[in-house]
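Model the following, please.
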Amino acid sequence: MAETLPINSDSGTDEEEEVEPKFKYQRIGNDLRNILNTDVVTCSAVHSKFLIFGTFRGRVYLLDHQGNSVESNLSIGDRHTHSVAVNHIDVDPKGEYVATCSDDGCVNITGLFSCENNQCLSYGKFIKAVALDPEVKSGVRRFIVGDDKLTLYERNLLQRLKPSELCAVEGSVLSICWQGNFVAWASHLGVRVYDLSEKCSLGLMKWEVPPESRLENFRCHLRWSNATTLLIGWVDTIRICVIRKRNVIEASSSNLPGFIVDPVSTFQTTFNICGLAPLAVNQLVVLGFRKERSADNKALRPVLCVIEYKMNTCEEVCTDSLSLRGFEEYTVNHYSLGCIIEENRYFIIAPKDIVVASLIETDDRVEWLIKHK
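As a prediction, the model looks like this:
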């Protein structure tokens, strides 16, 4: 049985009476602990079967959800590693292939248990984002790489890769998230959604530049909560967008794309955003980095917050402060949030720690109520 360690969480409330918690927390141990003794996590991807993460030293590790190492092609020598820190990881829906990229200019497509479709592409420039086709039947026939342009790679009948430039970029691609025919990606100016079926961009959503800083100094967090709903968290602003077909009046101009990105809710948070994921109708789970500092100018503990949103307002349903290893030394970009939406499990990723937040179950509630009666 995997070693799991509980982690303390404090409810962020001003009420004197202790509030019933919404999540229980477990720290992943086992082989993960040994790995993080000598390396740090720089990016990760969560699959229903496993957890995969890249490190500062350029290695990529495959573990089960209890932190035990899983044998795969990633375990064989240094063939599937990068020479510097891994920037981004993506996994196909079946859990058979993984894509990684790095500032060493390389993009690796690696079969976890087969080498049939492995690829190593070298660009000679920093690569911050890569995405595998989310279509289950694809078999990794397509993937997208972002640098100073957005490029789609497809395998032809001869199994050769054919690149197609989809879109020019303002600056460089900072992040990519692909769902069906729609590819969301962030640049130095804002977020775009590209329609692969119509081969066009659906427009640019410009993002407000933070005071005394730049957008590219913050990770842009993109997640599709379903086939047509895009969640965006960047700096301290969250935007929920729905992709819909234009109505008859909107479609009267033949020059416009058939779909439109409709922002249904935009609101600010009290913290900078490290990741977000859906929870329930009009509710999000958000990992946050507090803007305030401690008395000795150290970072405060990160927070996991449940936010309920309406049109352009939001309310914090509950907020837990998390005691992650080394949190005093970290910045907003050191954290990320992974999730298994179907199981309501949320993976809080830090350089030296990975903690799983799960919704409180009936037995847990009864135990808590008895203890706090």
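
Would you map the strands across the stretch 151-300 of the chain?
Under the criterion DSSP state E, counting those that start in this stretch, the stretch 151-300 of the chain contains strands at 161-168, 175-179, 182-186, 190-195, 200-206, 220-224, 229-234, 237-245, 259-268, 271-278, 283-290.

Tell me which other helices or strands the second one touches.
Using 3 or more C-beta pairs under 8 Å, 6 or more residues apart in numbering; DSSP states H and E as the contact definition, the elements that strand 175-179 packs against are strand 129-132, strand 142-146, strand 182-186, strand 220-224. (C-beta placed from N, C-alpha, C; glycine too.)

Please convert these to TSV, extending it with mean neighbour count and mean pLDDT.
Listed next are these as TSV, based on neighbours: other C-beta atoms under 10 Å; pLDDT from 0 to 100:
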stretch	mean neighbour count	mean pLDDT
strand 129-132	25	96
strand 142-146	24	95
strand 182-186	25	96
strand 220-224	22	96
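
Tell me where the stretch 201-350 of the chain is predicted with low confidence.
Regions of the stretch 201-350 of the chain meeting the criterion pLDDT under 70 cover residues 250-251, 253-254.

switch the cut-off to 90
203, 208-217, 246-258, 280-281, 310-314, 316-317 (pLDDT under 90).

Can you report how many residues neighbour the closest residue to H334 other than its chain neighbours?
Among residues not flanking H334 along the chain, P351 sits closest, at 5.3 Å (C-beta to C-beta, 6 or more residues apart in numbering). Close neighbours of P351, defined as other C-beta atoms under 10 Å, add up to 20.

Verify the contact between P351 and D39 for me.
No - contact criterion C-beta atoms under 8 Å: P351 and D39 do not qualify, at 9.1 Å.

Model confidence score at the residue nearest to H334, please.
We have a pLDDT of 97 for P351.

now do T4
On the pLDDT scale, T4 gets 41.

joint contacts of P351 and D39?
F56 (C-beta atoms under 8 Å, 6 or more residues apart in numbering).

still on that earlier bit, L63: which of the helices and strands packed on strand 175-179 is closest?
L63 lies closest to strand 129-132 among these, at 19.5 Å (C-beta to C-beta).

Would you list the phi and psi of K352?
Main-chain dihedrals, K352, degrees, to the nearest 10: phi -120, psi 20.

what about it, how many residues close to it?
Applying other C-beta under 10 Å, I find that K352 has 17 neighbouring residues.

you'd agree it is up against E328?
No - using C-beta under 8 Å as the test, K352 is too far from E328 to be in contact (11.7 Å).

Can you tell me the SS state at Y346?
Three-state assignment for Y346 (DSSP: H, G, I helix; E, B strand; the rest coil): strand.

Can you list the buried residues in stretch 81-98?
By neighbour count on 16 or more other C-beta atoms under 10 Å, the buried set for stretch 81-98 is 81-82, 85-92, 96-98.

Now flag whichever of the residues you listed is closest to K162.
Closest to K162, out of all of those and judged by C-beta to C-beta, is Y97, at 18.2 Å.

pLDDT at the closest one, what is it?
93.

Against G203, how distant is it?
31 Å (C-beta to C-beta, to the nearest Å).

what does N312 give?
20 Å.

From R301, how far out is L74?
Distance from L74 to R301, by C-beta to C-beta: 32 Å.

picking that back up, out of the strands of the stretch 151-300 of the chain, which is the most enclosed?
strand 182-186 (a mean of 25; mean count of other C-beta atoms under 10 Å).

Can you list the helices and strands that it packs against?
Looks like strand 182-186 contacts strand 175-179, strand 190-195, strand 220-224, strand 229-234 (3+ C-beta pairs under 8 Å, 6+ apart).

between it and strand 229-234, how big is the angle?
10 degrees (axes from the mean of the first three to the mean of the last three C-alpha atoms, to 10 degrees).

In the sheet, which strands lie alongside strand 182-186, parallel or antiparallel?
strand 175-179 (antiparallel), strand 190-195 (antiparallel) (DSSP bridges).

can you dump the C-alpha coordinates of it into CSV?
Taking C-alpha atoms only, strand 182-186 is exported to CSV below (Å, rounded to 0.1, in the frame of the first residue of the first chain):
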residue,chain,number,x,y,z
PHE,A,182,-10.6,23.9,-30.7
VAL,A,183,-7.1,24.8,-29.6
ALA,A,184,-6.7,27.5,-26.9
TRP,A,185,-3.3,29.1,-26.6
ALA,A,186,-1.8,32.1,-24.8
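
how far does that strand sit from the chain's center?
Chain-centre distance of strand 182-186: 13 Å, with C-alpha atoms, centre = their mean, to the nearest Å.

Now do it: everything it contacts.
129, 131, 144, 146, 150, 166, 173-178, 191-196, 220, 222, 224, 228, 230, 232, 234, 243, 259.

how does it look with 7 Å?
Residues from elsewhere that reach strand 182-186, judged by C-beta atoms under 7 Å, 6 or more residues apart in numbering: 144, 146, 150, 173-177, 191-196, 220, 222, 230, 243.
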